[in-house]
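Participant: have a look at this fold, sequence not included:
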């Protein structure tokens, strides 16, 4: 990109936007379109009993060659059905546009029936995400980008995830996860209500947004803990703005987090959300409520102007909260100063701030903008020393915000001389150029502002990083589709003056298909010269130039999307006859479907010695299988699309048999297409098996195996369980309740499906009417051999006429009760000394251990001390429970821990630990002197607080260990560890029950150790 160009003057800008026309059309007066055929090419139709695989595009235009645009894409049918197609004279922007739809599709993750779809930030999981993998930091970007998709189910689920689902649930208030907030939706700053309204302004489904007003108001109000009433401003810590190591952070005593400050970010987000909530309240008819939020927004706007706007520096700035009695503004200009325009918060008088964007000493950069001005002494401070610095590098997250704000300035504010639409194009084109690696489209975390290279790009982590927008900037900014709350659309393109053509086709907008074509002389597309607008394939407007125009048309409508549930995703156990070491069977049912080498989300048979292999997915409890979809992996080398595949299910007698009634599309596997198997009638089964084969015996792979079940939108079902858990006892009976509601009078047929070996009473059909829900109840009996901690699904299926089945799923958890363990292996009340083996641990000296009057005491040996004490008995086969009753802890830091489990000494052990100082619990697995990782320990850690009288229990099954905290008669599961991956049954038979201690100083005490067992089988 060349250096600073000669810019147009103010007169040129005024000439471009001076004329603004309103055009109203009706169907009767509209001219017919030249092409009014369906926009999408025909796709092989599945049998009518199945729900449509993709949303129907409907009538539109077919000006562009969609197949050519999608050349090389996996599953092109998805893009054909979902995304607007563009044709642009700038190839770099166009290529990036289609690439970014691919990355967005990759980021769509189906979490399971409870939360449905989310939009992920990283393709692989990270340790600080909410349940299911959501990270709220870029959720506003995700909604703005995804609002242009035709299938509404993705964002419906995603928004509910943050407002009412797992993303709205509680999180620990820790430094690692943001100690200032207690729920996941406030872990990072989030412009929730604004995004909801922006989405509704595209799809026209304002009822969805209004229905969520209670949750949006709750989300807005929950930031009150970070509101300073004296200043009328919100404070935020930069790292929880998703911006660590900022220029302001380096001027605090905490460079990573950054000191808390009153920032343009959260204050603008709260302003935008207040305005959005007010708009939705007005739509609901609540004028008084709307005025209250409008007053709050106005007060916040006034405070921001008074406190954060630097009149001398002409910019919005960060103001440190602490050690800053004069409320002095940061000297440096940071890119966050443009955010108020994102929400139309900044007054027109402040527009000169935008001159900094194109200033070579300001934010301008060939791969920018920079996140702090070049003139700042903190520019690129430590930026090349490692991730993740917001002190100059170009972050797509920030670039997206700036370009959205700039489009608002150019389209919705009075003309100004600071920037023009050529500037918008130049920054957008630089942003497209940024998104390259080795000459092909690519987006990672942050880019060098002056060099063509990503500087924060971790292998297996940063690929296709979904932390920004791009396509929304093309559609709503460059091509000027300005969504409206009322009928019609405003068109205000920001394309350069020398563009002779562009086209955007079949945009899903307000329930219609909107196409806009600019062809200066009519030679490019053959539809006539000038600007032309079609709605549902009918020409509704034409003009000779690119002046801004309002085109009026009524909203469309159509059938609501059929609710679909994938019963396999993240709820099933996957095994295989063979798996390549890096490609786990579980990755075929992880709710994701992408075809990258790194990170992987697939099962493959690469390197298999077999000519044929199989993949089995066990659902635990039966469900109805009617719509199976397989996405085969093909790397063009060692792993290729199979020539054939068998789809089988497990029969009640345990045998495998072909799924009956299969109808396949395509008939034989094709590379790059989803293979769909519609099953009529649906099969009730608890497991599926796939046997893909190649004629040459080569390797095959599956990136996604799904079993979609169409639900009846008129029916809602709710299995009652505490936090989704149904507590059961081995061999005991449990009452299970459920509620079925309908929106119309219906006869429903409920069935409670339980795992093999379990039993459930039956119930007959019920007639349910609106307002009178059916209360259902079953008695469930668990098998006597159930090991405590075992989890199994219990599924409710409620069928209605027409073959649709609405369901709910809860997890049954076998609880621990010492009364279920009849055999006493060892019991020590510490009245007298007994012959424990004592081994040092962690290379630390053993503490002094003494026994007296019913208490075992361990006293630190002048330094941090640790020991393992093994009982003089062997651990018998079957289920084994080690119960430990602590008496008191030292209170010292960092180690104040007790351990319990089995061991053969300090170098061979499986011990659950509890650290009373950190109030956490985890698992240590050590075999032959080597410590094992997550594959044996199950990861870390559980938050738990011991109180006097509490007991700790560790229960061993054949291959899994669980730890429990007992309080009174109630036992709570803490951790589960698959220790059997490291310890064979033969090795375990040589080990003994054991306890351990680790303490930094002082003395801790134990009251009792009891070891119980019971046979299994």
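Facilitator: Arrived safely, thanks for sending. Not measured: the values here are computed from a predicted model.
Participant: nearest the geometric middle of this structure, what residue?
Facilitator: Central residue of the chain (CA atoms, centre = their mean): residue 134, 2.7 Å from the mean position.
Participant: so what's that residue up against?
Facilitator: 118-120, 158, 161-162, 166-167, 184 (CB atoms under 8 Å, 6 or more residues apart in numbering). Heads up, the C-betas are built off the backbone N, CA and C, glycines and all.
Participant: before we move on, what about residue 370?
Facilitator: Residue 370 sits in contact with 335, 363-364, 379, 392-394, 449, where contact means CB under 8 Å, 6+ apart.
Participant: the nearest residue to residue 128 once chain neighbours are set aside: neighbour count?
Facilitator: In this structure, residue 128 finds its nearest non-sequential neighbour in residue 177, 5.9 Å apart by CB to CB, 6 or more residues apart in numbering. Other residues near residue 177 number 17, with proximity taken as other CB atoms under 10 Å.
Participant: now do residue 177 against residue 893, distance only.
Facilitator: Note on residue 177: its distance to residue 893, by CB to CB, to the nearest Å, is 21 Å.
Participant: got it, and residue 316?
Facilitator: Distance, residue 316 to residue 893, by CB to CB: 42 Å.
Participant: the more surrounded of the two?
Facilitator: Using other CB under 10 Å as the criterion, residue 316 and residue 893 rank with residue 316 on top: 29 against 11.
Participant: wait, that one touches residue 267, no?
Facilitator: No: counting by CB atoms under 8 Å, residue 316 does not reach residue 267; the two are 9.1 Å apart.
Participant: pull up the overlap in contacts between these two.
Facilitator: Common contacts of residue 316 and residue 267 (CB under 8 Å, 6+ apart): 304, 308.
Participant: contacts made by stretch 649-668 with the rest, please.
Facilitator: 44-47, 618, 625, 628, 643-644, 646-648, 673, 675-681, 683, 685-689.
Participant: start and end of that stretch, how far apart?
Facilitator: Distance between the two ends of stretch 649-668: 20 Å, counting by CA to CA, to the nearest Å.
Participant: starting at the chain centroid, how far to it?
Facilitator: 33 Å (CA atoms, centre = their mean, to the nearest Å).
Participant: again with stretch 986-997
Facilitator: Distance, centroid of stretch 986-997 to centroid of chain: 40 Å (CA atoms, centre = their mean).
Participant: distance of residue 114 relative to residue 813?
Facilitator: As defined by CB to CB, residue 114 lies at a distance of 16 Å from residue 813.
Participant: residue 647 reaches residue 629, doesn't it?
Facilitator: No: with contact defined as CB under 8 Å, residue 647 does not count as touching residue 629 (10.9 Å).
Participant: between these two, what contacts are shared?
Facilitator: Common neighbours of residue 647 and residue 629 (CB under 8 Å, 6+ apart) are residue 677.
Participant: and residue 870, what is it in contact with?
Facilitator: Counting by CB under 8 Å, 6+ apart, residue 870 makes contact with 836-837, 839, 903-905, 991-994.
Participant: can I get those in a markdown table including neighbour count, pLDDT and secondary structure?
Facilitator: Below are the contacts of residue 870 laid out as a markdown table (neighbours: other CB atoms under 10 Å; pLDDT from 0 to 100; DSSP: H, G, I helix; E, B strand; the rest coil):
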| residue | neighbour count | pLDDT | secondary structure |
| --- | --- | --- | --- |
| 836 | 20 | 95 | coil |
| 837 | 15 | 94 | strand |
| 839 | 20 | 92 | strand |
| 903 | 28 | 97 | strand |
| 904 | 20 | 96 | strand |
| 905 | 18 | 94 | strand |
| 991 | 20 | 97 | coil |
| 992 | 20 | 98 | strand |
| 993 | 30 | 98 | strand |
| 994 | 29 | 97 | strand |
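Participant: which residue ranges of the stretch 351-500 of the chain form helices?
Facilitator: 396-412, 421-434, 471-472 (DSSP state H, counting those that start in this stretch).
Participant: now these as CSV including mean neighbour count, mean pLDDT and distance to residue 485?
Facilitator: As requested, these are arranged in CSV below (neighbours: other CB atoms under 10 Å; pLDDT from 0 to 100; distance: least, CB to CB, whole Å):
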stretch, mean neighbour count, mean pLDDT, distance to residue 485
helix 396-412, 23, 98, 14
helix 421-434, 22, 98, 24
helix 471-472, 24, 98, 17
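Participant: how about those helices in JSON lines, adding distance to residue 290?
Facilitator: Conversion of the helices of the stretch 351-500 of the chain to JSON lines gives the following (distance: least, CB to CB, whole Å):
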{"stretch": "helix 396-412", "distance to residue 290": "21"}
{"stretch": "helix 421-434", "distance to residue 290": "32"}
{"stretch": "helix 471-472", "distance to residue 290": "27"}
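Participant: which regions of the stretch 351-500 of the chain sit below the pLDDT cut-off?
Facilitator: Across the stretch 351-500 of the chain, nothing is flagged by pLDDT under 70.
Participant: same thing with the stretch 1-150 of the chain?
Facilitator: Residue ranges of the stretch 1-150 of the chain with pLDDT under 70: 1-49.
Participant: try it again at 80.
Facilitator: 1-50 (pLDDT under 80).
Participant: which parts of it are strands?
Facilitator: Per DSSP state E, counting those that start in this stretch, the stretch 1-150 of the chain carries strands over the ranges 20-24, 31-32, 85-87, 108-110, 117-119.
Participant: next, count neighbours for residue 489.
Facilitator: 26.
Participant: and for it, nearest residue in space, chain neighbours not counted?
Facilitator: Closest to residue 489 by CB to CB, 6+ apart is residue 551, at 5.6 Å.
Participant: for the one you found, give its distance to residue 512.
Facilitator: 11 Å.
Participant: give me the below-cutoff pLDDT ranges for the stretch 201-350 of the chain.
Facilitator: In the stretch 201-350 of the chain (pLDDT under 80), no residue qualifies.
Participant: bridging residues for the residue nearest to residue 489?
Facilitator: residue 23, residue 489 (DSSP bridges).
Participant: now do the same for the residue lying farthest from the centre of the chain: its pLDDT.
Facilitator: The centre of the chain is farthest from one residue, residue 832, which by CA atoms, centre = their mean lies 55.4 Å away. At residue 832, the model reports a pLDDT of 92.
Participant: so it, which of the three states?
Facilitator: coil (DSSP: H, G, I helix; E, B strand; the rest coil).
Participant: if I've got this straight, residue 899 is in a strand?
Facilitator: Yes: using three-state DSSP, the assignment for residue 899 is a strand.
Participant: what's the closest non-adjacent residue to it?
Facilitator: Once flanking residues are discounted, residue 899 sits nearest to residue 996: 3.3 Å by CB to CB, 6+ apart.
Participant: on that earlier part again, neighbour count winner among residue 114 and residue 813?
Facilitator: For the pair residue 114 and residue 813, the greater number of neighbours falls to residue 813 (21 against 18), based on other CB under 10 Å.
Participant: circling back to that earlier point, what's the neighbour count on the nearest residue to the residue farthest from the centre of the chain once chain neighbours are set aside?
Facilitator: Excluding the flanking residues, the one nearest residue 832 by CB to CB, 6+ apart is residue 851, at 6.6 Å. As a burial measure, residue 851 scores 17 neighbours (other CB under 10 Å).
Participant: let me know the average pLDDT across the helix or strand hosting residue 851.
Facilitator: In the assignment (DSSP states H and E), residue 851 maps to strand 848-852. Mean per-residue pLDDT for strand 848-852: 94.
Participant: before we move on, back to that, go through the contacts of stretch 649-668 and flag which are in strands.
Facilitator: Secondary structure from DSSP state E places 618, 625, 628, 644, 646-648, 675-681, 683, 685-689 of the contacts of stretch 649-668 in strands.
Participant: ok, for residue 377, nearest residue in space, not its chain neighbours?
Facilitator: Going by CB to CB, 6+ apart, residue 377 has residue 332 as its nearest residue, at 8.0 Å.
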